[in-house]
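1. okay, sequence plus prediction incoming.
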Amino acid sequence: MAEVVAGTESEDNMSMSLQDLLGSHSHGGRRVKRKSVVEEPLVVDKVTLQKQRRMIKNRESAARSRERKQAYTVELESLVTHLEEENAVLLQLAADRKRLRLNQLMECLIPVEEKRIPKRMLRRVNSSQW
């Protein structure tokens, strides 16, 4: 019988050592699994990886946004330059046409001699009696 008891103790020791290895222990007659230390770093690593991925995506998105803004700014600057050149041409054309029209009007005018306006003089009126 001593062998049976000794055999049972060795089995209990073996089972306990297996339980310890598996990460669970007996608590008031029921087995409760312990959170292993290995899982927490995995969770932290997973969260960290998600944050890093999000940061990378945000950086890439920001870079694309800056590129779009740069392209839009270059396009607007090009448009401004083109419109300024067109405006200068149109202003010159308007000035040329105004000068031409003025010359045409001056050719069609009949020269008018300016008449002298007589000086206003005070006149004596006999309407009142002295």
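-> Nice, thanks for sending it over.

2. so which residues of the chain form strands?
-> Ranges of strands in the chain, per DSSP state E, are 24-27, 30-33.

3. mean pLDDT for those: which is lowest?
-> Lowest mean pLDDT within those: strand 24-27, a mean of 50.

4. where does this structure have low pLDDT?
-> Along the chain, segments meeting pLDDT under 70 span 1-43, 112, 124-130.

5. apply 50 and report the result again.
-> Residue ranges of the chain with pLDDT under 50: 1-15, 18, 24-25.

6. which stretches of it form helices?
-> Ranges of helices within the chain are 2-22, 39-108, based on DSSP state H.

7. can you redo those helices as JSON lines with distance to Leu122?
-> (Glycine included, C-beta is placed from N, CA and C.) Shown next, in JSON lines, are the helices of the chain (distance: least, Cβ to Cβ, whole Å):
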{"stretch": "helix 2-22", "distance to Leu122": "134"}
{"stretch": "helix 39-108", "distance to Leu122": "41"}
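
8. among the ones you listed, which is nearest Lys115?
-> helix 39-108 (21.3 Å; Cβ to Cβ).

9. measure Arg66 to Val80 for me?
-> Arg66 sits 21 Å away from Val80, going by Cβ to Cβ, to the nearest Å.
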